[in-house]
Every structure is written in structure tokens, then in C-alpha cells.
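Engineer: got a sequence here, can you build the structure:
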Amino acid sequence: MPSPSKTVLSVVVPVYGCAGCLLELQQRLTKVLKTVTPQYEIIYVEDRGNDDSWEFLKRIAKKDKKVKAYRLSRNFGQHAAVTAGLFHSQGRWTVVMDCDLQDPPEDIPRLYRKALEGFDIVLMKRKNKKLSIFRRTAAAIYFKFINSFTTEHLNGVYGSFSILSQKVKHSFLRLNDVNRHYLFILRWLGFKTAYLEYEHGERFAGKSSYSLKSLLTHGFNGVFFQTTVLLRWIVYVGFVVSLLGWLSAFYILYLYYFYSIQPGWTSLAILTLIIGGFIIISTGITGLYIGKIFDQVKKRPLYVIDQVIERGKLIE
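Structural biologist: Next up, the predicted model:
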């Protein structure tokens, strides 16, 4: 863990596909943070995107010594990048935000003031989320689905825009989950939490790096690997299928003895397909959990850093 410092406020920004936003983001962040405290730092974690984000970050970090820039060795994902940023942050308070300026830096003072009222976590709630109808509908379905499997009751109006106290940050970093979700971990940690509303802005430049495939993958991991409720559901469904099988057997015996009706191949085929399909699905889901356990027990690092810029100097 980094040693304590006099830094009051750290801002952690995971960067992926945001080359066109970085200069504007840096300018607005610097302007805002100077009004909050002179003892601040900005930490960019470049998650190995396919654009020129790292070149922009090198220019920014070499010009402003309050900026630290880290480039991961490959794309590890947003949540790993956030973890890397939190690990290297030294502030008594740490803000986490996206790089596309949909999270306005001008709201950071509000976050900070709210935290100083005695809260360890302050989450920002989007009032008007600027997404397409398809993305809004998909998000609503996803969160309704995931909430049916968990007790966390997550809502799509919350994103990564938040502020954490130092003890929350240290507690967050103690968790070594390979399949991690920023909000899930914060909910699990507990601590005193407050909520603020803000206007979700338009993306300053470019387009979202989350394709339909990546959104489905993200949602799949969120539903299946942040909770074991699904495994219990498989057991419940197994009991229901078994009960239906016994009822069908008694019904067929009833027809056979009282109406002399021979059981047909159709009913047998249907029962075989239902039970066989359930066995294949349940075995597959269990196998996925076992695969995730295998990933976890290997104890590989959550991320690997390739290049670092601190105090204006590039370290390779």
C-alpha cells in the first residue's frame, strides 16, 4: 500500500478510447481541483486502448507534475484499471470518474463537500442519462435481471462517479476478486454512504468503447459471478423438474391401470428432452463457476503496468 502523504484529494480516471477527451478533461479537472485544494493529484490509468490516448497522457503528465499516468500491459478492463488507480492514489479522499466527460468535473466540489459531512462513500446518481433508447432499455432489463439474483438492488442510474474515504479505499484494495464490479464491492463493503444527483453529460468526443458484445459479457459476469444465488436456483428448479417427473409417472400409471392407455413415445421424448436439457444447462453453469474458481486460485495479478509517468518523468 502506498505510504500516507499530504495529498488531500486524488482523482482516478480509467482511460480507454478517450484520446479526443483528454485535453479538455485535464483542463477542466485542473481548473476545478484548484478551487477545492492545492494538494491534489490526478491519476490516469490507460487500459491499452487502440487510439492515441497514451501519447496525449504523456504530454499531459510531462507538463503537469500533479498528474500520474500508468499504462497497463494489455486491456484488463475498466474495473482492474480503477483498482490500479486506487492503489497508486495517496489522497485522503479519492474521486473515481470516467474519461469521456459524461461525468462533469465541475461536480467534484459537491462530492467533496458531501463527504466532509461525515460520509465514507458518496455516489452520484444520473438524473438524465444520455443514452440511446436501445442502451437505456437494455440497461433497465439488465439491472432488473441482476437484482432478481442478488440482494444488492443495483440501479442503472449509478455509475463509477463517486468519492471514497481512505479507509474505504484501503478496504477495497484488500479484496482480490478477479471478476470484480466496482459498485458491487462498494455495496458489499458497507460504510456510511450518501447520494447526490447530477446531470449526465454528452460524451465530449468519440463513441463508447462498450460494444453490444462487451455489454453482454459485462452483464453476464455481473449476474453469474458476483453471487451464488443462481446455483441455489438450479437446485430449486431441479426439485421442480423432479416433482414434475414423479407426477407425470403417476399420471401415466393412472392412465395405464384405469384406462388401459399405453404410454406413447411422445411423452417419453418430451420428458427426456426437458430433463436432459436441464442437466446440460445446470452442468454448464456449474462448470462456469468452477472455471472462475480456477481463475481465482491461480492468484494472478489483477493488472500489469507497462509504463509509468510520475513527476513528469517516464519510467519504463
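Engineer: state the mean pLDDT of whichever strand or helix holds residue 43.
Structural biologist: Secondary-structure assignment from DSSP states H and E places residue 43 in strand 40-46. Mean pLDDT, strand 40-46: 93.
Engineer: what of stretch 244-254?
Structural biologist: Stretch 244-254 shows a mean pLDDT of 70.
Engineer: ok, stretch 92-104 next?
Structural biologist: Stretch 92-104 carries an average pLDDT of 89.
Engineer: from one end of that stretch to the other, what's the distance?
Structural biologist: This stretch, stretch 92-104, spans 21 Å end to end (Cα to Cα, to the nearest Å).
Engineer: quick one: distance of that stretch to the chain centre.
Structural biologist: Its chain's C-alpha centre and that of stretch 92-104 lie 15 Å apart, by Cα atoms, centre = their mean, to the nearest Å.
Engineer: check contacts around the nearest residue to residue 193 once chain neighbours are set aside.
Structural biologist: Residue nearest to residue 193 in three dimensions, not counting chain neighbours: residue 121, with 4.4 Å by Cβ to Cβ, 6 or more residues apart in numbering. In short, each C-beta sits where N, CA and C put it, glycine included. Counting by Cβ atoms under 8 Å, 6 or more residues apart in numbering, residue 121 touches 162-165, 168, 186, 191-194.
Engineer: beta partners of residue 121?
Structural biologist: Assessed by DSSP bridges, residue 121 has beta-bridge partners residue 164, residue 193.
Engineer: show me the domain layout of this structure.
Structural biologist: Split into domains by automatic domain parsing, the chain comes to 9-219+303-315, 229-297.
Engineer: residue boundaries of the strands in the stretch 201-316 of the chain?
Structural biologist: Counting by DSSP state E, counting those that start in this stretch, one finds strands in the stretch 201-316 of the chain at the ranges 305-310, 313-315.
Engineer: what helix or strand is residue 10 on?
Structural biologist: Per DSSP H and E: residue 10 is located in strand 9-15.
Engineer: not counting that strand itself, show me its contacts.
Structural biologist: Strand 9-15 is contacted by residues 22, 25, 29, 33, 36-37, 39-47, 49, 53, 57, 78, 81-82, 85-86, 89-99, 108, 112, 160 when judged by Cβ under 8 Å, 6+ apart.
Engineer: pull up the pairing partners for it, direction included.
Structural biologist: Counting by DSSP bridges, the strands paired with strand 9-15 are strand 40-46 (parallel), strand 93-96 (parallel).
Engineer: can you list these in TSV and add distance to residue 61 and mean neighbour count?
Structural biologist: Putting the strands paired with strand 9-15 into TSV (distance: least, Cβ to Cβ, whole Å; neighbours: other Cβ atoms under 10 Å) gives the following:
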stretch	distance to residue 61	mean neighbour count
strand 40-46	7	26
strand 93-96	18	26
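Engineer: export those to CSV and tack on distance to residue 278?
Structural biologist: Shown next, in CSV, are the strands paired with strand 9-15 (distance: least, Cβ to Cβ, whole Å):
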stretch, distance to residue 278
strand 40-46, 43
strand 93-96, 41
